[in-house]
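J.: turn this into a structure:
(2 chains)
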Amino acid sequence: MATAATPSVNDALVEFLLRTGDNTLILGHRISEWCGHSPVLEEDIALANSALDLIGQTQLWLGLAGEIEGKGRTADNLAYLRDAAEFRNALLVERPNGDFGFTLMRQFLFDAWHFELLTALTQSKDPRIAEIAAKSLKEVSYHIERSADLIVRLGDGTAESHKRMQDALDQLWSYTGELFIGDAYDDVLAEAGIAPHPASLKDKWLAVVSRTLSEATLKIPSSTFMHKGGKRGIHTEHLGFILAEMQFLQRAYPGATW
Amino acid sequence: MYAQLVKTDSDRVRGLDEMSAEERAFQERIDRGEKIEPKEWMPEGYRKTLIRQIGQHAHSEIVGQLPEGNWITRAPTLERKAILLAKVQDEAGHGLYLYCAAETLGVSRDELIELLHAGKMKYSSIFNYPTLTWADIGAVGWLVDGAAIMNQVPLQRTSFGPYSRAMIRICKEESFHQRQGYDIMMKMAKGSPAQKAMAQDALNRFWYPALMMFGPSDKDSVHSAQSMAWKIKINTNDELRQKFVDQTVPQAHYLGLTVPDPDLKWNEEKGGYDFSEPDWSEFFDVIAGNGPCNTERLNARVKAWEDGRWFREALVAHADKRAAARIAAE
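T.: Model prediction:
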């Protein structure tokens, strides 16, 4: 196997920022699909609010990615004019919504990871990253509190809700492994003290997730197989449809101002 | 206007001398501009009419999420997406305040929702029209929220305390929505020829449905007269419609768009525009369930409710378990 040259800090930063911003963009898109369709009014409000937080964070992460990349691309250019293979989000966030329990389980597994990532990033040696992380962390602290609470209530609710939540966990678990796999870019940023190595987040994540799931009377699946590819631009079939919808106006009316 | 054709159960407005002592005292308080609070005595007709009106208004906010939500995933920039999300979130919040205001009258949110789903309560006719292009999101903010504000600003002074207070909060947010809608229209109207055409098309399709939001002329309506006597309706439909046209036409001109009414003309004498009436047969078709999106809108709400039943039941079951555990521990 050929060994790739060590990436520069700059390239690693752009890659990392795209990964971080694409995660928030795609998850924000997914949960915004619920708008007006959730089980109860309070959930419509909460999900729209979470989507709003995630889209706001996307503007910051992708904005900084474009700035550091130095090719004149804005956050909007990056969101609306890249094709699927250039997206760097984890596969977890592009999973279709399923039922409301599935959406919440996906959110919980992501939030728990997002919280650990942002907490570590507040210590980044790059002050721009530390600043965005600190702002995002305020929002994500609420996201994890809310999703963990709902996981417990639904896991330990009725027999039906328990089954739905266990099914969701069984289907989503194999998409969590990718969040903790590092590559050469991650090595460079960890070395430079700019971002934590993904593997370093796993123990804390697993502790929070295990505790919540246990309280929710849910069982972590025994299978250890994990899907991966999103961070390298190899996605599931779903991302193409998300982009076809999200990018429609920018693609159909190139160069227009909105 | 999010409440249309609200019935009052009266066949005529009675004079003070025809009322019981209680009713007379109540009417005199309203005449003095006092607010009526939930635990105070009120005539049954007042209570029922308010439940209909506030309920219809709340349902409109909730159903109104759907035509706008239709474009959240396709919003053209991250900023527009964020603004639209915030707006739709506000609408859901308005629904919440209004259902709470209705609950103070002794009807639960679930009961009102069941009535909506059974087709026994209505929501505003406007939300049965489709949002076909991004410019429609601008037109909804500009025209639909604009028309709603016309009605809601005076309702801040309505006689029922909780409704009045809900309106005060809602109006603050609605005027922000209207500005956002107009801002989208500005960008489109000053944009490429294709965008300008989209903006004109949106105005063409939303103009008359927006005029219909105020409801047909109610100058001879006994229900309107009774609601006005109770100060749960402040202006007639025609007054509000005229005000809306007078405010909106110059805004359309500023955008360089044409209002789709060849008979629209400034009338110096009345100090307002003369304009064409909407096609009221279309309005009554939409109210009767035959608008372009009635079936989809109601089905979407019913589906959300039915699909979410397990979720709501689980939360209740969990709360019961917790309560039982607490009692056992004491």
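J.: centre of the chain to stretch B:94-105, how far?
T.: Centre-to-centre, stretch B:94-105 and its host chain are 13 Å apart (Cα atoms, centre = their mean, to the nearest Å).
J.: quick one: contacts for the residue in chain B positioned nearest to chain A?
T.: Taking Cβ to the nearest Cβ, chain A has its nearest neighbour within chain B at B:Gly308, 2.2 Å off. Quick note: C-beta positions are derived from backbone N, CA and C, even for glycine. For B:Gly308, the contact set (Cβ atoms under 8 Å, 6 or more residues apart in numbering or on different chains) comprises A:Ser38, A:Pro39, A:Val40, A:Glu43, A:Phe100.
J.: state the pair within these that is farthest apart.
T.: Within the contacts of B:Gly308, A:Val40 and A:Phe100 form the most distant pair, 9.5 Å apart (Cβ to Cβ).
J.: so between those two, which is more surrounded?
T.: Higher neighbour count among A:Val40 and A:Phe100: A:Phe100, with 25 against 18, using other Cβ atoms under 10 Å in any protein chain shown.
J.: buried ones in the helix or strand where A:Leu169 lies, by neighbour count?
T.: Assigned by DSSP states H and E, A:Leu169 falls within helix A:159-172. Of all the residues in helix A:159-172, those buried under the rule 16 or more other Cβ atoms under 10 Å in any protein chain shown are A:Glu160, A:Ser161, A:His162, A:Arg164, A:Met165, A:Gln166, A:Ala168, A:Leu169, A:Leu172.
J.: now stretch A:22-35, how far from the centre of its chain.
T.: For stretch A:22-35, the distance to the chain centre is 9 Å (Cα atoms, centre = their mean).
J.: now for the helix or strand that comes right after the helix holding A:Leu169, which elements pack on it?
T.: Next along the chain after helix A:159-172, taking DSSP H and E as the criterion, comes helix A:184-191. Applying 3 or more Cβ pairs under 8 Å, 6 or more residues apart in numbering or on different chains; DSSP states H and E, we find helix A:184-191 packed against helix A:9-32.
J.: would you mark the buried spots in the helix it packs on?
T.: Here helix A:9-32 shows A:9, A:12-32 as buried, counting by 16+ other Cβ under 10 Å.
J.: ok now the helix or strand following that helix, how far from the chain's centre?
T.: For helix A:9-32, the succeeding helix or strand toward the C-terminus, using DSSP H and E, is helix A:41-69. Distance of helix A:41-69 from the chain centroid (Cα atoms, centre = their mean) equals 11 Å.
J.: buried ones in helix A:41-69?
T.: A:41, A:43-66, A:68-69.
J.: which other helices and strands contact it?
T.: Using 3+ Cβ pairs under 8 Å, 6+ apart, helix A:41-69 sits against helix A:9-32, helix A:75-80, helix A:127-155, helix B:78-103.
J.: quick one, the last one and helix A:41-69 angle?
T.: Same thing as helix B:78-103. Taking axes from the mean of the first three to the mean of the last three Cα atoms, to 10 degrees, one finds helix B:78-103 and helix A:41-69 inclined to each other by 160 degrees.
J.: wait, does helix B:78-103 contact chain A?
T.: Yes: using Cβ under 8 Å from any Cβ of the partner chain, we find that helix B:78-103 touches chain A at B:78-82, B:85-86, B:88-89, B:92-93, B:95-96, B:99.
J.: which one of the residues you listed is nearest to A:Arg211?
T.: B:Gln89 (30.8 Å).
J.: now the closest one: closest residue in space, sequence neighbours ignored.
T.: A:Ala48 (3.7 Å; Cβ to Cβ, 6 or more residues apart in numbering or on different chains).
J.: repeat for B:His177
T.: Counting by Cβ to Cβ, 6+ apart, the residue nearest B:His177 is B:Asp145, at 4.5 Å.
J.: that neighbour: what's it in contact with?
T.: B:Glu174, B:His177, B:Gln178, B:Gly181.
J.: for it, helix, strand, or coil?
T.: At B:Asp145 the chain is in helix, as set by DSSP: H, G, I helix; E, B strand; the rest coil.
J.: residues in contact with A:Arg128?
T.: A:Leu64.
J.: swap in A:Ile194?
T.: Counted by Cβ under 8 Å, 6+ apart, A:Ile194 has contacts A:Val9, A:Ala12, A:Leu13, A:Phe16, A:Ser124, A:Lys125, A:Asp126, A:Ile129.
J.: any idea which of the buried residues of helix A:159-172 is closest to chain B?
T.: Nearest to chain B among these, with distances taken as Cβ to the nearest Cβ, is A:Ser161, at 3.3 Å.
J.: wait, the closest one touches A:Gly155, no?
T.: Yes: the criterion here is Cβ atoms under 8 Å, and A:Ser161 meets it with A:Gly155 at 7.4 Å.
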